[in-house]
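*Asks:* My questions concern the predicted model and sequence given below.
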Amino acid sequence: MIELSGHRAARHVLSAWLLIATSSVALADSQTTNKLLAPPSILYGDLFVAVQTAQIYPDQKTFVDATPKMDPAQIVALYDQAKLNPGFSLSNFVATYFTPPTDQVITPPPNQSLRDHIDWLWPELTRNSTPGTVPQYSSLIAMPKPYVVPGGRFREGYYWDTYFTMLGLQEAGREDLVDDMLDNFAYLIDTIGHIPNGNRTYYVSRSQPPFFSYMVELAAQKEGGRVYQKYLPQLRREYRYWMKGADRLQAGDAARNVVKLPDGTVLNRYWDERDAPRDESYLEDVQTAASVKDRPANEVYRDLRAAAESGWDFSSRWFGDNQTLATIRTTAIVPVDLNSLMFHLETTIAIGCGQARDFGCVTDFIQKAAKRAIGINKYLWNKNGYYGDYDWKLAQPRNNPSAAMLYPLFAGAAWPDRALTTARTVESLLLKPGGLTTTTVNTTQQWDAPNGWAPLHWIAVQSLRRYGRADLAQKIGTRFLSDVNHVYATEQKLVEKYVVEGSGTGGGGGGEYPLQDGFGWTNGVTLRLLDLYGQ
C-alpha cells in the first residue's frame with residue numbers, strides 16, 4: 001500500500017506542483033493553470049487516503065468527482081487540525097467541505113420505440129463544461145464545446161466511447177455534435193498533449209484506445225477530405241504521444257507506450273504515467289496489490305492503470321494465469337487492438353498529408369503503416385487460428401482468444417486468408433445466442449464471458465463485412481440487437497454491457513461497479529445496427 005506523505009497544506013501543494021513539473025503530461029504551452037491538472041490524490045494527500053479507505057462513499061469515484069467548497073490547500077490545513085480533536089467525524093468533515101456529484105435521473109416518456117428512445121436520450125446525455133462554467137478546484141477538465149457522456153456514474157466524456165457514440169449521432173443527423181466532440185479532442189491534444197482517458201484530472205496520466213483517427217474518418221465521410229487536413233496537426237501530435245521514446249529504444253526493451261522487439265520491430269503497449277492506485281478505484285487497487293506477494297505494489301498499480309487505458313478493465317487478456325486479477329501483467333503484453341488502431345492512425349496521417357500536399361510525409365507514414373502491418377502479422381497472429389496479443393517479456397503469443405482478434409480486420413491490416421480463418425474462429429468460439437462474447441473464460445471480470453459489449457459488436461460487423469463474411473456479420477449484429485431489444489422491452493433502458501451467453505440474456509455484470517444505464521456507445525451502435533438489419 002502506498003502512503004501519501006504530508007501533514008501540512010504547503011507540502012500538499014508542493015507535491016502537486018512537483019508531479020506536474022516532472023510529468024510528461026504537463027501543459028507546455030497552454031494558458032491553463034498547471035496546478036489544475038493535479039489529481040485529488042495529490043491535492044488532498046492523507047485526507048484522500050482517509051476518505052477512500054473509510055469508504056465514506058460506497059463508490060470510490062464519488063469523492064474524486066466531488067467539488068471542494070474552498071481551495072484544497074485550505075481544506076487540508078483544516079483537516080490536519082480537526083482530525084486531532086476528540087470526537088472528530090471524517091464523514092461530517094467531508095460533508096462540510098465537499099459537494100458530492102449527483103447522477104441525473106433519466107425518466108423517459110412512456111411507450112417510446114427503441115429508436116425514438118435513443119433520439120430522446122441524446123440531449124439528456126449532452127453536457128457543457130466550457131471554461132468558466134466548471135466549478136473551481138473541480139476534477140472536471142473544461143472543454144470548449146458540448147459533448148455526450150456515457151451515463152450513470154460516468155459523468156464526463158470518455159475517449160474511445162466517443163467514437164461509438166458519434167456513430168449514432170451521425171445517424172441521427174447530429175453532425176454538429178460530432179464536430180463539437182472532434183474539436184474538443186483536438187483541444188485536449190493541443191493543450192495536454194494527448195486525449196486523456198476522460199476529461200478528469202485523475203485521468204490525465206493515461207489515454208485510451210486511440211480512435212481519434214476513426215473519428216476524423218467518420219466526419220470526413222460526411223464532410224469531405226478537408227477534415228483530414230483540418231485535424232492533421234492533432235493526428236500527428238497524438239502519434240508522437242503514443243510513440244514517445246521509440247527513437248532511443250534498444251532492441252528487446254520498452255519505454256512508456258512503445259516496445260522494440262529483438263528483431264527491431266516497433267509495436268505499442270498500454271501504459272500509465274503513474275504507478276499509484278487509481279484515484280477512482282483507490283481501495284480496490286490497494287487490496288489487489290496487497291494480495292500479490294511476489295511483486296512490488298507500484299508494479300501492480302502500473303499494470304492496473306495500463307489495463308484502464310486499454311478500456312478492457314478488467315479482462316483475462318491481461319492476466320498471467322488467464323483467470324486472476326492478482327496476476328495482471330498488462331505492460332508485458334503487446335495488444336492486438338492497440339496496434340491495429342495505430343496502423344489506422346498511420347494510414348490516416350498519410351491521407352491527411354496527401355490533402356496537405358506534403359508528399360514526403362505521405363511516403364513516411366505509408367512506410368510506417370507497412371512496417372506495422374508486417375509486425376502485426378508476425379507477432380500478433382496466433383497459430384491456433386486468430387489474431388491475438390503477444391507477451392513480449394515471455395517472447396510468446398498469448399493463448400487467450402477474445403473479440404479483439406477482429407481489430408486487424410477492422411483496420412485493414414489482416415492478410416485475407418488469416419481474416420477468413422479468424423472469422424471461422426469467431427464463429428466457433430465467440431458467437432453466442434445474444435451476440436459476441438468478449439472472451440472464452442468467465443473470471444467475474446466485466447470484459448470476460450458471458451458479457452458482450454456494443455463497441456466490439458460494431459467492430460465485428462464492420463470487420464466481417466470488409467472481408468467478405470457479411471453472413472456472419474449479420475448473425476452477430478441481429479443477435480446483439482435482439483438482446484438490446486429484450487432489455488429495452490422489459491426495462492425501458494439501454495445499458496453499458498449485456499449477457500450474451502445461454503438463455504439468460506440481459507444486462508451484464510461483473511467488474512468494480514453496478515451495471516450502468518444510459519448508455520452512450522450502446523445507443524450509437526444500436527442505431528447503426530438498426531439501419532443495417534432492421535428491428
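*Replies:* Looks like it came in fine. Residues are numbered from 1 along each chain as shown.

*Asks:* In contact with the residue nearest to residue 271 when sequence neighbours are not counted: list those residues for me.
*Replies:* Distances taken as Cβ to Cβ, 6 or more residues apart in numbering put residue 257 closest to residue 271, at 4.7 Å, once the chain neighbours are dropped. All C-beta spots, glycine's among them, are computed from the backbone N, C-alpha and C. Counting by Cβ atoms under 8 Å, 6 or more residues apart in numbering, residue 257 touches 241-244, 268-271.

*Asks:* Go ahead and confirm residue 121 touches residue 526.
*Replies:* No. Residue 121 lies out of contact with residue 526 (Cβ atoms under 8 Å); the separation is 10.6 Å.

*Asks:* Of those two, give the one with the bigger neighbour count.
*Replies:* Using other Cβ atoms under 10 Å as the criterion, residue 121 and residue 526 rank with residue 526 on top: 28 against 23.

*Asks:* Assess the claim that that one and residue 454 are in contact.
*Replies:* Yes. Between residue 526 and residue 454 there is a contact under Cβ under 8 Å: 7.0 Å.

*Asks:* okay, and the common contacts of those two?
*Replies:* Common neighbours of residue 526 and residue 454, using Cβ under 8 Å, 6+ apart, are residue 484.

*Asks:* about what we covered before: output the contacts of residue 257 in JSON lines, with secondary structure, pLDDT and neighbour count appended to each entry.
*Replies:* Shown next, in JSON lines, are the contacts of residue 257 (DSSP: H, G, I helix; E, B strand; the rest coil; pLDDT from 0 to 100; neighbours: other Cβ atoms under 10 Å):
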{"residue": "241", "secondary structure": "helix", "pLDDT": "98", "neighbour count": "19"}
{"residue": "242", "secondary structure": "helix", "pLDDT": "98", "neighbour count": "20"}
{"residue": "243", "secondary structure": "coil", "pLDDT": "98", "neighbour count": "19"}
{"residue": "244", "secondary structure": "coil", "pLDDT": "98", "neighbour count": "17"}
{"residue": "268", "secondary structure": "strand", "pLDDT": "99", "neighbour count": "22"}
{"residue": "269", "secondary structure": "coil", "pLDDT": "99", "neighbour count": "24"}
{"residue": "270", "secondary structure": "coil", "pLDDT": "98", "neighbour count": "26"}
{"residue": "271", "secondary structure": "coil", "pLDDT": "98", "neighbour count": "24"}
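
*Asks:* Residue 371: what's it in contact with?
*Replies:* Residue 371 makes contact with 265-266, according to Cβ under 8 Å, 6+ apart.

*Asks:* Need the three-state assignment for it.
*Replies:* helix (DSSP: H, G, I helix; E, B strand; the rest coil).

*Asks:* any idea how far the residue in the chain sticking out farthest from the centre lies from residue 97?
*Replies:* In the chain, the residue that sits farthest from the middle, by Cα atoms, centre = their mean, is residue 86; the gap is 44.1 Å. Distance, residue 86 to residue 97, using Cβ to Cβ, to the nearest Å: 20 Å.

*Asks:* Repeat that for residue 211.
*Replies:* 38 Å.

*Asks:* who has more neighbours, those two?
*Replies:* Ranked by neighbour count (other Cβ under 10 Å), residue 211 and residue 97 place residue 211 first, with 24 against 19.

*Asks:* thought the more buried one was touching residue 165?
*Replies:* No. Residue 211 is beyond contact range of residue 165, at 10.7 Å (criterion: Cβ under 8 Å).

*Asks:* Which parts of the stretch 151-300 of the chain are helices?
*Replies:* Here the stretch 151-300 of the chain has its helices, by DSSP state H, counting those that start in this stretch, at 159-171, 175-192, 212-223, 226-230, 232-242, 282-290, 297-310.

*Asks:* Would you tell me which of these gets closest to residue 368?
*Replies:* Closest approach to residue 368 among these (Cβ to Cβ): helix 232-242, 8.8 Å.

*Asks:* what separates the closest one from the chain centre, distance-wise?
*Replies:* Centre-to-centre, helix 232-242 and its host chain are 18 Å apart (Cα atoms, centre = their mean, to the nearest Å).

*Asks:* Show me what residue 267 is bridged to.
*Replies:* Taking DSSP bridges, one obtains residue 259 as the residues bridged to residue 267.

*Asks:* what's it in contact with, if anything?
*Replies:* Counted by Cβ under 8 Å, 6+ apart, residue 267 has contacts 258-259, 261, 334, 339, 372, 375-376, 379, 390, 392.

*Asks:* now the helices of the stretch 151-300 of the chain as a markdown table including distance to residue 325?
*Replies:* Putting the helices of the stretch 151-300 of the chain into a markdown table (distance: least, Cβ to Cβ, whole Å) gives the following:
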| stretch | distance to residue 325 |
| --- | --- |
| helix 159-171 | 22 |
| helix 175-192 | 29 |
| helix 212-223 | 30 |
| helix 226-230 | 41 |
| helix 232-242 | 26 |
| helix 282-290 | 6 |
| helix 297-310 | 8 |
